[in-house]
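Trainee: Got a predicted model here, sequence first, then my questions.
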Amino acid sequence: MKLEEFASRCGEWLRGSGPESDIVVSSRIRLARNLADFPFIRKCTGLDRAEIERTLRDKFSRIAMFHDATYLDVNSLPDIDRRLLVERQLISLEHAEADGARGVAIDPTEQFSVMVNEEDHLRIQVMHSGLDLDAAWQQIDAIDDLLEEHVTYAFHDRLGYLTACPTNVGTGMRVSVMLHLPALVLTRQIEKVFRSLHKINLAVRGLYGEGSQAMGDFYQISNQITLGKSEQELIQQVGDVAPALIEYERKARQYLIDESRRDLHDRVSRAYGVLCTAQTISSEETMQLLSSVRMGVNLGLIRDVAIPTVNQLFIHTQPAHLQKLRGIDLDTADRNIERANYLQLHLRGGSTDDGPPQN
Amino acid sequence: MKCQKCEKSATFHITERVGDKGQWEELHLCEACAKEYLGRSSPAQELELSAGALLQHLQIGQTAEQLAALDQRTCVVCGLSFYEFRNHGRLGCPNDYVCFQEQLDPLIANIHGATCHTGKRPRRAAVNLDAQTQLIRLRRDLRDAIHTEDYELASLLRDQIRELEKGGS
């Protein structure tokens, strides 16, 4: 697979379909697993890492589900390609920036990816559009079973799957939903929501996970504990809270419409206007304005652009994607110009989807 | 931070499960109040769990000397010292969970509010952890033996590795 080709596509998680997809962008589950007969990454020698990578790569090739998948040797990829994979949420930032033998298997629809030698030997992740945790679990459970036929996992009778960090021990599972919550941010209720989520042991992170800032009003809600509850219970914990958050966001949107429809309409129209006409624009400003436009489209206030287009622009206007799509390295100033061009082309020239709003 | 029950500074931070819907409450207490709090009888099993965890901390917290001694302890399989774990937060191999069980269990109880896995289990009969981690050590020894050109030892180790790998799959 050529990464240039890959860059121009759009991953599963931004397809903009699936249940509640105006607010729930994606449902994601990841499992942390380690091979029983190797040290955890921290105590691996370079040779250990290479052997783990070779072993797992070989195992992947024997599993039918991986036959269509592409295996990328992350260690030998150019920096920009690694960043492209991070922007696409197929590998983590830590994985991109680590040293030594490591890789990732990515299925063509980008619904699943398996990182080798991240914090744990194996990080399996499955991502589906919209609110669809059960389907994500079924898929990842099956992948886990298939891998387990070929390797011996580090498993402790009482503690469950053993992980490099004790915060992941037990199920090794992180369940998360990515939500777009612009109205809760606008009405300043987001902090309150976060506090109540922390109280029930759920973590809130930004678009790119641990330590990342909330960009474009996207938030990931996930379980914090991994031990003492079954996978089903953990899925339920996150799955149960999602409808409440969707409801809050819808109420906040309704409030904005009822109380200040003109202000809201003005805000999203201006955002759209800037994105359509700017000559140079930063990634941060783009994210923020696209967030307003996304809400505007979902509320039927903007009718000449479709949600999948907006979703795709969130990713394609990020630095690595922009350079990959253009085919040349660009410095920050040139990227800002290229980004403005790209936005104009896709918002003004491209899609004029007059379909019904998705709300 | 001050103790929630008196004026002394809080040195114990207890997470308590409240009710049956998974709500949590945080308590910040000084040593004396923590002992009193934990000494009281309670019907809740969860309380016993975190109490156990805290008592472990009490033992650890006794002297700086003991802490220093603990920091020196290393895992025979991967060589990780407890000090290294305290500083980096990452374990070195599966055996660390056994080797540092006394210290890790209270920590795990604090993080997860539980110490027993109730979820999925690998389908295949899992070999016991000892045998699994033995492989890590044997491979390292083998590498060393080859490095020092001790081929007699190397062939011995290789046989042992094969033997274990057979039993494990």
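Mentor: Ah, there it is. Numbering: from 1, shown residues only, chains lettered A, B, ... in the order given.
Trainee: Quick one: classify the residue in chain B positioned nearest to chain A as helix, strand or coil.
Mentor: Residue of chain B nearest chain A, by Cβ to the nearest Cβ: B:Ala114 (2.4 Å). To be clear about C-beta, it is placed using only N, CA and C from the backbone, and glycine gets the same treatment. Taken by DSSP: H, G, I helix; E, B strand; the rest coil, the conformation at B:Ala114 corresponds to coil.
Trainee: hang on, B:Glu165 packs against B:Gln134?
Mentor: No: counting by Cβ atoms under 8 Å, B:Glu165 does not reach B:Gln134; the two are 10.6 Å apart.
Trainee: Between these two, which is the more surrounded one?
Mentor: In this view B:Glu165 and B:Gln134 are compared by other Cβ atoms under 10 Å in any protein chain shown, and B:Gln134 has more residues nearby, 19 against 15.
Trainee: dump the residue contacts of that one.
Mentor: B:77, B:164 (Cβ atoms under 8 Å, 6 or more residues apart in numbering or on different chains).
Trainee: A:Ile302 versus A:Asn34, what's the distance?
Mentor: A:Asn34 sits 48 Å away from A:Ile302, going by Cβ to Cβ, to the nearest Å.
Trainee: still on that earlier bit, correct me if wrong: the residue of chain B closest to chain A contacts A:Ser230.
Mentor: No: with contact defined as Cβ under 8 Å, B:Ala114 and A:Ser230 do not form a contacting pair (11.3 Å).
Trainee: how much space between A:Lys229 and B:Lys120?
Mentor: 11 Å.
Trainee: no no, B:Gln103
Mentor: Distance from B:Gln103 to B:Lys120, by Cβ to Cβ: 27 Å.
Trainee: Not counting residues beside it along the chain, what's closest to the residue of the stretch 201-350 of chain A found nearest chain B?
Mentor: Taking Cβ to the nearest Cβ as the measure, the stretch 201-350 of chain A has A:Gly228 as its residue closest to chain B, at 2.4 Å. Nearest in space to A:Gly228, with sequence neighbours left out and distances taken as Cβ to Cβ, 6 or more residues apart in numbering or on different chains, is B:Ala114 at 2.4 Å.
Trainee: give me the number of residues near the one you found?
Mentor: 18.
Trainee: Then B:Glu102?
Mentor: B:Glu102: 12 neighbours (other Cβ under 10 Å).
Trainee: where does chain B dip in pLDDT?
Mentor: Low-confidence segments of chain B (pLDDT under 70): B:1-2, B:10-27, B:31, B:34-64, B:125-129, B:167-169.
Trainee: sorry, back to before: you'd agree the residue of the stretch 201-350 of chain A closest to chain B is in a strand?
Mentor: No: applying three-state DSSP, one finds A:Gly228 to be coil, outside a strand.
Trainee: How many neighbouring residues does it have?
Mentor: When counting by other Cβ under 10 Å, one arrives at 21 neighbours for A:Gly228.
Trainee: May I have the phi/psi pair for it?
Mentor: phi 90, psi -10 (degrees, to the nearest 10).
Trainee: My read is that A:Phe38 contacts A:Glu51, right?
Mentor: Yes: if you go by Cβ under 8 Å, A:Phe38 and A:Glu51 touch, sitting 7.4 Å apart.
Trainee: Looking at those two, which is more packed in?
Mentor: Set A:Phe38 next to A:Glu51 and count neighbours by other Cβ under 10 Å: A:Phe38 wins out with 24 against 16.
Trainee: ok, now which ones touch that one?
Mentor: So A:Phe38 contacts A:44, A:48, A:51-52, A:121, B:93, B:136 (Cβ under 8 Å, 6+ apart).
Trainee: just the buried members of the residues you listed?
Mentor: Neighbour-count burial (16 or more other Cβ atoms under 10 Å in any protein chain shown) applied to those gives A:44, A:48, A:51-52, A:121, B:93, B:136.
Trainee: got a list of contacts for the helix or strand where A:Val175 lies?
Mentor: Take DSSP states H and E as the rule and A:Val175 turns out to sit in strand A:173-180. For strand A:173-180, contacts defined as Cβ under 8 Å, 6+ apart pick out A:13, A:22-32, A:131, A:133, A:168, A:205, A:207, A:216-223, A:226, A:231, A:234-235, A:237-239, A:242, A:245-246, A:249, A:291, A:294-295, B:119.
Trainee: Pull the number of nearby residues for A:His316.
Mentor: Using other Cβ under 10 Å: A:His316 sits among 22 other residues.
Trainee: Need the contact partners of stretch A:182-191.
Mentor: By Cβ under 8 Å, 6+ apart, the list of residues contacting stretch A:182-191 reads A:181, A:193, A:217, A:219, A:248-249, A:252-253, A:255-256, A:291-292, A:294-295.
Trainee: can you give me the angle the lengthiest helix in chain A makes with strand A:173-180?
Mentor: If you go by DSSP state H, chain A has its longest helix at helix A:231-277. Inter-element angle recorded for helix A:231-277 and strand A:173-180: 30 degrees (by axes from the mean of the first three to the mean of the last three Cα atoms, to 10 degrees).
Trainee: Whichever helix or strand comes after helix A:231-277: which residues count as buried?
Mentor: Following helix A:231-277 in sequence order, the next helix or strand is helix A:283-298 (DSSP H and E). Across helix A:283-298, burial judged by 16+ other Cβ under 10 Å covers A:283, A:285-287, A:289-298.
Trainee: Could you do stretch A:339-349 as well?
Mentor: Result for stretch A:339-349 [16+ other Cβ under 10 Å]: buried residues A:339-344, A:346-347.
Trainee: For those residues, please prepare CSV with the additional fields secondary structure.
Mentor: Output for the buried residues of stretch A:339-349, formatted as CSV (three-state DSSP):
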residue, secondary structure
A:Arg339, helix
A:Ala340, helix
A:Asn341, helix
A:Tyr342, helix
A:Leu343, helix
A:Gln344, helix
A:His346, helix
A:Leu347, helix
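Trainee: If anything else comes up later, I'll come back, but that's it for now.
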